[in-house]
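# predicted model and sequence follow; I will ask about them next.
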Amino acid sequence: MITLIGSGNVATWMAQRLQGSSRFPITQVYSRTLANARVLADLCGAEAIDNVKDLSLDNQIFIFALADKAYDEILSQLPFKLPMAFMTSGSVSCQCLKDHADGYGVIYPLQTFTKSQDMRTLEVPMCLESDFVGKQKPIMWELARELSPLCYEVSESQRAQMHVAAVFACNFSNAMYQISYKLLKEKDLPFEILLPLLRQTVEKVSQMPPAEAQTGPAARGDENVMRKQMESLEDERLREIYRVMSEIIMNAEC
């Protein structure tokens, strides 16, 4: 039985994926906001709590799906040593669990989650650090495979590098989408006009290295177009982003 510690995007995805699981049922959900805990608890038929001191002694698996900054605070409040503890962070060292659990490790889902969506069918690579789980290691892998068939063993340094890479590929890209949205809106154009382009971009990088898929004025070295486009941008910050990104593209090695 599982206690899920957290009620954010990752916790919500896990609750959706494990809903109805007979092998790994979630029987308790903690959140510092009881109403948020109840949303996931109701989904799983679990108990909702908002006090760490109320963690169940009967559960064998404790999954920490927390914001990185919350780990120290929550771990310092644990009322007993946990049998198995797994964290979902992309960047926090799992050594922070060492003094709080008999077996511990990382189950990091490499995906972007939004809890207002139904995420049950998302394709989610699971990155596992399991060297510290000991004899309970097979259970960790069974749990990961219950969440997703895409499971990979990684080291701490690999996970950290993967997280940085994901920030560039996903978070920074989405910020660029926001800029594009604003630029189009200023001319009464719909953002949807870019969606076929974005889909094709993702399709291409699934078939070739990104450097080979690169197109556009910077890839062609078309300084005349780049100059005109930079001059059209009224926001100085956007001009600087355009300049830096163009330099990166022009200096990229295939």
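Thanks, I have the structure now.

# pLDDT below threshold where in the chain?
253-254 (pLDDT under 70).

# now do the contacts for Phe113.
Taking Cβ atoms under 8 Å, 6 or more residues apart in numbering, we find Phe113 in contact with Asn9, Val10, Thr12, Trp13, Met119, Leu122. (Glycine included, C-beta is placed from N, CA and C.)

# can you report how many residues lie near the closest residue to Thr33 other than its chain neighbours?
Once flanking residues are discounted, Thr33 sits nearest to Asp50: 6.6 Å by Cβ to Cβ, 6 or more residues apart in numbering. Asp50 has 16 neighbouring residues, counting by other Cβ atoms under 10 Å.

# re earlier: which of the contacts of Phe113 are buried?
In those, burial by neighbour count holds for Asn9, Val10, Thr12, Trp13, Met119, counting by 16 or more other Cβ atoms under 10 Å.

# looks to me like the fourth one is in a helix.
To tie it back to what came earlier, the one meant is Trp13. Yes. Assignment of Trp13 by DSSP: H, G, I helix; E, B strand; the rest coil places it within a helix.

# distance of Glu146 from Ser7?
The spacing between Glu146 and Ser7, counted by Cβ to Cβ, to the nearest Å, is 20 Å.

# out of these two, which sits in the busier spot?
Using other Cβ under 10 Å, the more surrounded residue of Glu146 and Ser7 is Ser7, with 27 against 15.

# with only the CA atoms kept, save stretch 131-145 in PDB.
Backbone C-alpha positions of stretch 131-145 (Å, rounded to 0.1, in the frame of the first residue of the first chain) are rendered in PDB as follows:
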ATOM      1  CA  ASP A 131      21.000   1.400  -6.100                       C
ATOM      2  CA  PHE A 132      19.900   2.300  -2.600                       C
ATOM      3  CA  VAL A 133      16.700   0.200  -2.400                       C
ATOM      4  CA  GLY A 134      18.500  -3.000  -1.500                       C
ATOM      5  CA  LYS A 135      16.500  -6.200  -1.500                       C
ATOM      6  CA  GLN A 136      13.300  -4.200  -2.200                       C
ATOM      7  CA  LYS A 137      14.700  -3.000  -5.600                       C
ATOM      8  CA  PRO A 138      12.400  -5.400  -7.600                       C
ATOM      9  CA  ILE A 139       9.400  -3.700  -6.000                       C
ATOM     10  CA  MET A 140      10.600  -0.300  -7.100                       C
ATOM     11  CA  TRP A 141      10.800  -1.500 -10.700                       C
ATOM     12  CA  GLU A 142       7.400  -3.200 -10.500                       C
ATOM     13  CA  LEU A 143       5.900   0.100  -9.300                       C
ATOM     14  CA  ALA A 144       7.700   2.000 -12.100                       C
ATOM     15  CA  ARG A 145       6.400  -0.400 -14.700                       C
END
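
# can I assume the residue nearest to Thr33 is in contact with Gln28?
No. Checked against Cβ atoms under 8 Å, the pair Asp50 and Gln28 is beyond contact range at 11.6 Å.

# all the strands of this protein, residue numbers only.
2-5, 26-30, 47-49, 61-64, 82-87, 101-109, 126-129, 151-153 (DSSP state E).

# hmm, who's touching the fifth one?
With contact meaning Cβ under 8 Å, 6+ apart, strand 82-87 is reached by 59-64, 66, 71, 94, 96-97, 100-108, 133, 136, 139-140, 143.

# what about 6 Å?
Contact partners of strand 82-87, identified using Cβ atoms under 6 Å, 6 or more residues apart in numbering, comprise 60-64, 94, 97, 100-107, 136.
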